[in-house]
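Engineer: model this:
(one chain, ligands or ions: 1)
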Amino acid sequence: MTVADRKLIARRLTEAKRVVVKVGSALLVDGEKGRLNRAWLESFVGDVASLRKRGQEVILVSSGAIALGRRHLGLNPGKLKLEESQAAAAVGQIRLAHAYKELLDAHEITVAQILLTLGDTEQRRRYLNARGTLNTLLSLGAVPVINENDTVATAEIRYGDNDRLAARVAQMVGADCLVLLSDIDGLYTANPALDPDAEFIARVLEITPAIEAMAGGAASDMGTGGMQTKIAAAKIAVGAGCHLCIAKGAVQHPLQRIEDGARCTWFVPTSTPMATRKQWIAGTLKPAGAIVVDDGAVRALMGGKSLLPAGVTRAIGRFERGDTVSIIGPDGSEVARGICAYSDGDAARIIGRKSADIETVLGFRGRDEIVHRDDLVLIKAHVSGTL
Ligand code: GLU
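Structural biologist: Numbers count the residues shown, from 1 in each chain. Next up is the predicted model:
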């Protein structure tokens, strides 16, 4: 692959609307002294500011809390016990957050800290809440900096590595591009440190067993993620329609360098995040309930609009916020399927009302739409059928 080819594929980063960047511990923390690598972070934050200036939304998933905190607690080198890691994370995280704040402040970017535990991506309710918060922060122009909440995550309930955490975050927010910055510049056919014949792979179109076998166990000393967790992350990201790039982070302006055609490995999805989400909605085997709508609403949906409470006439079945429901026209045929922003009980109470009345009726300010158009797929048969 030539530099020109690499620049071309790097447009996945330049043109992405939403970008997640994972920053490994080895980049942020000087291994021997256990100090924050401030000069590096400053140059990286400069790249983040350039992305924001172009109007791109950026989420950072940053490691480094444990590596940074252990020195301050005087913990010995080598493997830490779980409770020592937890203590180190508590000390390191606050320093890490402070550094991000200070450096992003200089670019007039508001930073927001989010500490996630496994349940926040794996349990639907918590997933929806975390997603809602992230979307709100992004729409308000902030840059969320995410890490695992290591101080409370115990061995059984933790991701353990930020590669997979970053992929779950990318999936959660429908990011178009995930960059894993690490101490290696990409995927090789074998571990390049051990095998001189190891060949570099610039692009992966399908994660085959052969690709997985290449991952080996090339982990660095500080972070927990080796190539295996990166491949696991790639599977999650690509499955969600998100491009993933593994690139060398230990250079000044690492994102800029990717855009300039530096060597890195790209995992290419066959779909987009939105299409993947819509396929998933359309593929729901058993919608949890149904919402009956009037003719006006059917027309609005066909025209690509969201479903508002005003057009709903009935809610059928039991469903929770975040469940997939069928949307049924007045003639009883299914018009669309979508993720409902309200439970059946709340939906029943706001039926026929204006969105502006939702707060008065329910006592809280929920979404204006019962089903947002991004969460909705039209049933094709209906398009060519009854209307
Ligand atoms: N969450 C850990 C930390 O902040 C890092 C996990 C990883 O290395 O991927 O120290």
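Engineer: Buried ones in stretch 94-109, by neighbour count?
Structural biologist: 95, 96, 97, 99, 100, 101, 103, 104, 109 (16 or more other C-beta atoms under 10 Å). For the C-beta atoms, the positions are set from N, CA and C on the backbone; glycine is no exception.
Engineer: Tell me the one of these nearest residue 85?
Structural biologist: Of all these, residue 85 sits closest to residue 96, with 14.5 Å by C-beta to C-beta.
Engineer: Tell me where the longest helix sits in this protein.
Structural biologist: Using DSSP state H, we find that the single longest helix of the chain is helix 82-105.
Engineer: after that helix comes which helix or strand?
Structural biologist: Where DSSP states H and E defines the elements, the next helix or strand beyond helix 82-105 is strand 111-116.
Engineer: got JSON lines for the buried residues of stretch 94-109, with distance to the ligand and pLDDT too?
Structural biologist: JSON lines is the format used below for these (distance: C-beta to the nearest ligand atom, whole Å; pLDDT from 0 to 100):
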{"residue": "95", "distance to the ligand": "11", "pLDDT": "95"}
{"residue": "96", "distance to the ligand": "7", "pLDDT": "96"}
{"residue": "97", "distance to the ligand": "11", "pLDDT": "97"}
{"residue": "99", "distance to the ligand": "13", "pLDDT": "97"}
{"residue": "100", "distance to the ligand": "12", "pLDDT": "98"}
{"residue": "101", "distance to the ligand": "16", "pLDDT": "98"}
{"residue": "103", "distance to the ligand": "17", "pLDDT": "98"}
{"residue": "104", "distance to the ligand": "18", "pLDDT": "98"}
{"residue": "109", "distance to the ligand": "21", "pLDDT": "98"}
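Engineer: farthest-separated two in those?
Structural biologist: Within the buried residues of stretch 94-109, two members stand farthest from each other by C-beta to C-beta: 95 and 109, at 19.1 Å.
Engineer: quick one: pLDDT of residue 117?
Structural biologist: Residue 117 is assigned 89 on the pLDDT scale.
Engineer: What's the end-to-end length of stretch 346-362?
Structural biologist: Its start and end residues considered, stretch 346-362 measures 7 Å (C-alpha to C-alpha, to the nearest Å).
Engineer: Would you pull up how far that stretch lies from the middle of the chain?
Structural biologist: In terms of C-alpha atoms, centre = their mean, to the nearest Å, the centre of stretch 346-362 is set 31 Å apart from its chain centre.
Engineer: what's next to it, contact-wise?
Structural biologist: Identification of contacts with stretch 346-362 by C-beta atoms under 8 Å, 6 or more residues apart in numbering yields 291, 308-310, 312-315, 321, 340, 342, 365-366, 368-370.
Engineer: Can you tell me which of those residues are buried?
Structural biologist: Here, 16+ other C-beta under 10 Å leaves 291, 308, 309, 310, 312, 315, 321, 340, 342, 366, 369, 370 buried among the contacts of stretch 346-362.
Engineer: Would you state the predicted confidence (pLDDT) at the last one?
Structural biologist: pLDDT for residue 370: 95.
Engineer: same deal with residue 12?
Structural biologist: pLDDT for residue 12: 95.
Engineer: in the helix or strand hosting it, what counts as buried?
Structural biologist: For residue 12, the element it lies in under DSSP H and E is helix 11-14. Residues of helix 11-14 classed as buried by neighbour count (16+ other C-beta under 10 Å): 12, 13.
Engineer: and it, what other elements does it pack with?
Structural biologist: On a contact count with 3 or more C-beta pairs under 8 Å, 6 or more residues apart in numbering; DSSP states H and E, helix 11-14 meets strand 177-182, strand 243-248, helix 254-259.
Engineer: Report the contact partners of the residue nearest to residue 134 when sequence neighbours are not counted.
Structural biologist: Once flanking residues are discounted, residue 134 sits nearest to residue 173: 5.2 Å by C-beta to C-beta, 6 or more residues apart in numbering. Applying C-beta under 8 Å, 6+ apart to residue 173 gives the contacts 18, 20, 59, 131, 134, 135, 138.
Engineer: Looking at these, which are in strands?
Structural biologist: In strands, judged by DSSP state E, the following of the contacts of residue 173 are found: 18, 20, 59.
Engineer: so what's the second one bridging to?
Structural biologist: On the basis of DSSP bridges, residue 20 takes part in beta bridges with residue 59, residue 178.
Engineer: same thing with the one 10 residues further on?
Structural biologist: With beta bridges defined as DSSP bridges, residue 30 has these partners: residue 35.
Engineer: Check the gap between it and residue 40 for me.
Structural biologist: Distance of residue 30 to residue 40, computed by C-beta to C-beta, to the nearest Å: 9 Å.
Engineer: Equivalent analysis for residue 82, please.
Structural biologist: 29 Å.
Engineer: More neighbours: these two, which one.
Structural biologist: residue 40 (20 against 12; other C-beta atoms under 10 Å).
Engineer: and the more buried one, what element?
Structural biologist: helix 38-53.
Engineer: in the stretch 251-387 of the chain, which ranges drop under the pLDDT threshold?
Structural biologist: The model of the stretch 251-387 of the chain has pLDDT under 70 over residues 380-387.
Engineer: ok, now with 50
Structural biologist: For the stretch 251-387 of the chain, the stretches with pLDDT under 50 are 384-387.
Engineer: By proximity to the ligand, which residue of it wins?
Structural biologist: Using C-beta to the nearest ligand atom, the closest approach of the stretch 251-387 of the chain to the ligand is made by residue 254 at 16.9 Å.
Engineer: No further questions, thank you.
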